[in-house]
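# sequence first, then the predicted structure:
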Amino acid sequence: NAGVTQTPKFQVLKTGQSMTLQCAQDMNHNSMYWYRQDPGMGLRLIYYSASEGTTDKGEVPNGYNVSRLNKREFSLRLESAAPSQTSVYFCASSERGANQPQHFGDGTRLSIL
Amino acid sequence: AQKVTQAQTEISVVEKEDVTLDCVYETRDTTYYLFWYKQPPSGELVFLIRRNSFDEQNEISGRYSWNFQKSTSSFNFTITASQVVDSAVYFCALSDVYSSASKIIFGSGTRLSIRP
């Protein structure tokens, strides 16, 4: 079982470039999430999608956009990358509901020069 | 506002020692859910346990145990007879029950190193 698949695993961008991080899950989950992980700060929620067709801002949405393409796929776009967006990005999915554990992808390590 | 505090940034113990990771949370909700996740050196996040606010019974799973105390707003995690494979970053997390999704607030994590 693939679970949650993120692509790419690593990426280096120059300031001002755009980039889309892809995420797909094969668990038939309704909800999907994008986080960033920075040293000493844990995971912070960027955007989430409670169900297909809906997206909502999380704690740190500025500089990002998302698209819930279908039930399986949830992409994260950086329109004009900035060095402050250097981070490890994780996608996750869960069944619908506040009590559901999330299942995470392996992460994308993104560096902005 | 909801908040999760993991005051222990790093812990290092010798193999076979017992170790407790502290988690303190803040919420105004009467219904909420708490989680622990493990992030080994390979980087993926692994779900360990979920606890709802109405169930204060402690849970044990092999060498792992969790102590939930509403009176002190704590949800601590103990590893008994630690092993090198337990080395990881451990995150405590709290859910927002008013969200239709599993919107989770993570603590900053505790890096646990088990020395052979």
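It's in.
# isn't there a helix covering residue A:80?
No - counting by DSSP: H, G, I helix; E, B strand; the rest coil, residue A:80 is not found in a helix; it is coil.
# what is the burial count for it?
Using other C-beta atoms under 10 Å in any protein chain shown, residue A:80 is surrounded by 11 other residues. C-beta here means a position set from N, CA and C on the backbone, and glycine is covered the same way.
# swap in residue A:97?
Neighbours of residue A:97 under the rule other C-beta under 10 Å: 16.
# close enough to count as contact, it and residue B:102?
Yes - if you go by C-beta atoms under 8 Å, residue A:97 and residue B:102 touch, sitting 6.4 Å apart.
# the residue nearest the centre of chain A is in what secondary structure piece?
By C-alpha atoms, centre = their mean, the mean C-alpha position of chain A lies nearest to residue A:34, the distance being 2.8 Å. Per DSSP states H and E, residue A:34 falls inside strand A:31-37.
# list the buried residues in that strand.
By neighbour count on 16 or more other C-beta atoms under 10 Å in any protein chain shown, the buried set for strand A:31-37 is A:31, A:32, A:33, A:34, A:35, A:36, A:37.
# list the neighbouring strands of that strand plus their orientation.
Here strand A:31-37 is paired, per DSSP bridges, with strand A:43-49 (antiparallel), strand A:87-94 (antiparallel).
# look up how far residue B:39 lies from residue A:3.
16 Å (C-beta to C-beta, to the nearest Å).
# Three-state assignment for residue A:59, please.
coil.
# isn't it right next to residue A:44, touching?
Yes - the pair residue A:59 and residue A:44 qualifies as a contact (C-beta under 8 Å) at a distance of 5.0 Å.
# burial count for residue 52?
Since you didn't name a chain, this refers to chain A. Residue A:52 is flanked by 15 other residues according to other C-beta under 10 Å.
# wrong chain, I was asking about chain B
15.
# can you check residue A:77 too?
Neighbours of residue A:77 (other C-beta under 10 Å): 13.
# and the strands paired with strand A:31-37, which is most packed in?
Neighbour counts (mean count of other C-beta atoms under 10 Å in any protein chain shown) averaged over each of those peak at strand A:87-94, with a mean of 24.
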